[in-house]
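Trainee: output the structure for:
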Amino acid sequence: MSQQPTVGRTVHYVSHGTPLRSDGSQAFPPACRAAIVTEVDPEQPGRVGLQVVNPTGHFFHPLDAGGSVYDETGAQLGGTWHWPERV
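Mentor: Got it, this is the predicted structure:
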């Protein structure tokens, strides 16, 4: 990770989406959501607490509940965060 997350930075959080249906589809698939870093794990800087901004409201993923980890793979897995893409 070339940049280090700090409190107040804007990142993207990948939502988990809804559970899979019997046919393998989802009512709501995983999606990137805007998020603000609220805390950074001093032992593992890629693990952060987030305030996630969804169309239906704000959700929190604090460190004491597991937080969210940086997605180094680029696969954008549910529950991870990454830096916003440059456009």
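Trainee: low-confidence ranges in the chain?
Mentor: 1 (pLDDT under 70).
Trainee: try 90
Mentor: Low-confidence segments of the chain (pLDDT under 90): 1-3, 16-20, 24-30, 45, 55-56, 72-77, 85-87.
Trainee: would you map the strands across it?
Mentor: Counting by DSSP state E, the chain has strands at residues 10-14, 32-40, 47-54, 57-61, 68-70, 80-82.
Trainee: among those, which comes closest to G24?
Mentor: strand 10-14 (19.2 Å; Cβ to Cβ). All C-beta atoms are positioned from the backbone trio N, CA, C, and that covers glycine.
Trainee: parallel or antiparallel, which strands does that closest one pair with?
Mentor: strand 32-40 (antiparallel), strand 80-82 (antiparallel) (DSSP bridges).
Trainee: what residues does the residue positioned nearest the centre of the chain make contact with?
Mentor: Central residue of the chain (Cα atoms, centre = their mean): Y13, 2.5 Å from the mean position. Residues near Y13 by Cβ atoms under 8 Å, 6 or more residues apart in numbering: C32, R33, A34, A35, L50, V52, H61, S68, T80, W81.
Trainee: any idea which of the strands paired with strand 10-14 gets closest to S2?
Mentor: Nearest to S2 among these is strand 80-82; the distance by Cβ to Cβ comes to 12.2 Å.
Trainee: give me the neighbour count for the nearest residue to R21 once chain neighbours are set aside.
Mentor: The shortest distance from R21 to any non-neighbouring residue, by Cβ to Cβ, 6 or more residues apart in numbering, is to A27 (7.5 Å). Using other Cβ atoms under 10 Å, the number of residues around A27 comes to 9.
Trainee: how about W83?
Mentor: W83 has 15 neighbouring residues, counting by other Cβ under 10 Å.
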